[in-house]
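1. Build me a model from this:
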Amino acid sequence: MSTEMQKPWLLKSFKSTVSLAFFMEILLSYFLPFSDKGNQLGIGFPYSYLYIQKQGSLDFSPFFSTGLNPLRLILNLFFLYLLLKFLSWSWCFLELKR
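-> Presented below is the predicted three-dimensional model:
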């Protein structure tokens, strides 16, 4: 059996790890508490990347009361990617020691 077949699935593909990190970011953002900064609610873990205005007028569209910070989203995905890679590597080393 080749060594490529023995690697965990997270080590095989960059794309699968990034997509799992994005999915985990969405789930963590949904279940973890929001940050409250005066007139804004922040959504995201560990850094808030989506902001929603609390106060709005009736003639104002709710789509204009949200703001996305893409740099923080990329930073969150990078942290989750590193965490997943570390867990995958540690699992691989534990399996090799058996």
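
2. quick one: buried residues of stretch 15-24?
-> Residues 17, 20-21, 24 are the ones in stretch 15-24 that count as buried (16 or more other C-beta atoms under 10 Å). Any C-beta I mention is one placed from the backbone N, CA and C, and that applies to glycine too.

3. how far away is the most centrally placed residue in the chain from residue 69?
-> When C-alpha atoms, centre = their mean is applied to the chain, the residue found nearest the centroid is residue 25 (2.6 Å). Computed as C-beta to C-beta, to the nearest Å, the residue 25 to residue 69 distance reads 13 Å.

4. longest helix of the protein?
-> helix 70-97 (DSSP state H).

5. circling back: adding secondary structure as columns, could you present the buried residues of stretch 15-24 in JSON lines?
-> Below are the buried residues of stretch 15-24 laid out as JSON lines (DSSP: H, G, I helix; E, B strand; the rest coil):
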{"residue": "17", "secondary structure": "helix"}
{"residue": "20", "secondary structure": "helix"}
{"residue": "21", "secondary structure": "helix"}
{"residue": "24", "secondary structure": "helix"}
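
6. ok, these vs residue 82, which is closest?
-> residue 21 (9.0 Å; C-beta to C-beta).

7. contacting residues for that closest one?
-> Going by C-beta atoms under 8 Å, 6 or more residues apart in numbering, residue 21 touches 77, 80-81, 84.

8. of those, closest to residue 45?
-> residue 80 (8.9 Å).

9. Quick check, pLDDT for the closest one.
-> The model reports residue 80 with a pLDDT of 89.

10. Counting neighbours, what do you get for it?
-> When counting by other C-beta atoms under 10 Å, one arrives at 21 neighbours for residue 80.

11. Now it: closest residue in space, sequence neighbours ignored.
-> residue 21 (3.9 Å; C-beta to C-beta, 6 or more residues apart in numbering).
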